[in-house]
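>>> Got a predicted structure plus its sequence, pasted below:
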Amino acid sequence: MTRKRVEVAAGVLLRADGRYLLGQRGPDTVYAGYWEFPGGKVEAGESPAQALCRELDEELGIRVRHLRPWLRREHLYEHAQVRLHFFEVSAWEGELADHVHSALRWVAPEEPACEPMLPANGPILKALRLPRTMGITRAAAVGVARQLAELDVALAAGLRLVQVREHALAAAERSAFAAEVVHRARRFGAIVLINGDIELARAVRADGVHLPAPHLARLAVRPELPWVGAACHTRSELERAAELGLDYAVFGPVRETPTHPGTPGIGIDAFTRAIAGLSLPVFALGGVGPEDMERVRDAGAHGIAAIRAAWRRPA
């Protein structure tokens with residue numbers, strides 16, 4: 001059976017406290033009672049962004065002031081093949097008014113999902129649990145004691161995603177360091193990923209693994225860990241990460257960095273083009289820091305990944 005193709009724009013309305021808005025579909029609709037992100041069909045002559053602004057006005061009575069492209073996913077329902085364009089909506093005018101949904105609910109990312117959810121939204125809920133800043137360790141360069149001290153400061157300041165990237169450490173020291181990072185991160189509920197070593201990730205009970213690009217190329221199926229991501233340098237690598245169902249990708253370098261002197265960055269515009277329309281969150285990497293967060297998110301990034309900037313002491 002040939003299913004019609006439907007383009008849909010969906011808005012992830014985000015409050016300052018990190019909560020996002022869900023609506024429960026009304027009784028006279030397809031999938032009545034299911035929870036969804038507000039939005040609707042893209043009409044002829046509209047862009048997805050224009051459609052979302054119109055739909056949020058009609059459904060919620062608000063006027064969008066600021067939205068960002070985020071993810072695009074496809075889902076095959078019984079009645080249609082739906083392509084969903086998800087946008088983050090961070091600013092709007094007007095008071096929320098429930099015009100079409102049975103109920104509205106603000107949900108914290110760490111809370112259990114509203115049930116039942118529309119099937120296409122499951123991966124979106126997990127992506128919303130992914131912190132916006134990834135700190136990448138450099139213990140081999142600065143010393144284990146200094147890196148652990150920097151980690152403690154960063155965790156206390158709010159860092160909740162850490163990648164242990166320590167191939168230059170001897171195996172025993174690397175294992176001990178990774179275990180200590182996991183131990184310290186657990187007190188804050190932070191996610192810890194081990195770079196390139198699935199067995200070590202399991203041994204120290206890390207939350208997942210970060211795959212270098214060569215590992216991604218050899219991968220046939222997604223590793224069975226809660227969080228799996230990859231370093232990518234080309235559009236084809238990004239698409240491969242999405243095809244394998246990974247939770248995120250890191251892409252860059254956006255700018256030249258001390259880690260790879262002489263390698264020019266691709267720039268924000270090229271970064272934006274490379275990640276457009278992907279189904280998984282992408283972190284910007286390479287010469288970016290907290291001061292770049294808003295700009296790279298406006299370009300479609302989920303957030304930033306940093307080796308040096310993540311460990312700066314708060315001002």
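Nice, thanks for sending it over.
>>> Show me where this protein dips below the pLDDT cut-off.
Along the chain, the model assigns pLDDT under 70 to residues 1-2, 259-262, 314-315.
>>> What segments of it are helices?
For the chain, the helices defined by DSSP state H cover 48-60, 122-128, 139-142, 144-157, 171-186, 198-203, 213-218, 235-243, 267-275, 293-298.
>>> Counting by contacts, list what the first one packs against.
Put plainly, it is helix 48-60. Helices and strands touching helix 48-60, by 3 or more CB pairs under 8 Å, 6 or more residues apart in numbering; DSSP states H and E, are strand 4-13, strand 39-41, strand 63-76, strand 80-93. All C-beta spots, glycine's among them, are computed from the backbone N, C-alpha and C.
>>> wait, which of the helices of the chain is closest to Ala284?
helix 293-298 (4.2 Å; CB to CB).
>>> looking at the helices of the chain, which is buried most?
Ranked by mean neighbour count, the helices of the chain are led by helix 48-60 with a mean of 20 (mean count of other CB atoms under 10 Å).
>>> which one of the helices of the chain lies closest to Val42?
helix 48-60 (4.1 Å).
>>> Pull the residues that contact the closest one.
With CB atoms under 8 Å, 6 or more residues apart in numbering as the contact definition, helix 48-60 has outside contacts at 7, 9-11, 13, 23, 38-43, 46, 62-64, 67, 69, 85, 87, 89, 92, 94, 96-101, 104.
>>> now that helix, how far from the chain's geometric center?
Relative to the chain's own centre, helix 48-60 is displaced by 23 Å; criterion: CA atoms, centre = their mean, to the nearest Å.
>>> Please apply the same query to stretch 221-237.
For stretch 221-237, the distance to the chain centre is 13 Å (CA atoms, centre = their mean).
>>> can you redo the helices of the chain as JSON lines with distance to Gly287?
Below are these laid out as JSON lines (distance: least, CB to CB, whole Å):
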{"stretch": "helix 48-60", "distance to Gly287": "28"}
{"stretch": "helix 122-128", "distance to Gly287": "25"}
{"stretch": "helix 139-142", "distance to Gly287": "17"}
{"stretch": "helix 144-157", "distance to Gly287": "19"}
{"stretch": "helix 171-186", "distance to Gly287": "24"}
{"stretch": "helix 198-203", "distance to Gly287": "28"}
{"stretch": "helix 213-218", "distance to Gly287": "19"}
{"stretch": "helix 235-243", "distance to Gly287": "19"}
{"stretch": "helix 267-275", "distance to Gly287": "10"}
{"stretch": "helix 293-298", "distance to Gly287": "11"}
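>>> Can you say which of these is nearest to Ile304?
Going by CB to CB, the one of the helices of the chain nearest Ile304 is helix 293-298, 5.9 Å.
>>> measure the closest residue to Gly196 other than its chain neighbours to Val181 for me?
Spatially, and ignoring its direct neighbours in sequence, Gly196 is nearest to Pro212 (5.2 Å; CB to CB, 6 or more residues apart in numbering). Distance, Pro212 to Val181, using CB to CB, to the nearest Å: 19 Å.
>>> Equivalent analysis for Leu169, please.
On the measure of CB to CB, Leu169 and Val181 end up 12 Å apart.
>>> Also Asp28?
If you go by CB to CB, the gap between Asp28 and Val181 works out to 52 Å.
>>> same check, this time on Gly122
Taking CB to CB, one finds Gly122 at 29 Å from Val181.
>>> just Tyr31 next, same as before
From Tyr31 to Val181 the distance is 43 Å (CB to CB).
>>> Pro27 against Gly33, yeah?
Yes: using CB atoms under 8 Å, Pro27 is in contact with Gly33, at 7.4 Å.
>>> ok, the two, which is more surrounded?
Neighbours per residue (other CB atoms under 10 Å) separate Pro27 from Gly33, with Gly33 holding more: 13 against 8.
>>> so how far is stretch 129-148 off the chain centroid?
Going by CA atoms, centre = their mean, the spacing between the C-alpha centre of stretch 129-148 and its chain's C-alpha centre is 19 Å.
>>> before we move on, back to that, give me the common contacts of Pro27 and Gly33.
Here Pro27 and Gly33 share the contacting residues Ser102, scored by CB under 8 Å, 6+ apart.
>>> Tell me who's in contact with Arg68.
Phe87, Glu88, Val89, Ser90, Arg297, Asp298, Gly300.
>>> run the last query once more with 7 Å
Phe87, Glu88, Arg297, Asp298, Gly300 (CB atoms under 7 Å, 6 or more residues apart in numbering).
>>> What's opposite the closest residue to it other than its chain neighbours in the beta bridge?
Nearest-residue entry for Arg68: Glu88, 4.4 Å, with adjacent residues in sequence omitted and distances by CB to CB, 6+ apart. Beta-bridge pairing of Glu88 under DSSP bridges involves Val12, Arg68.
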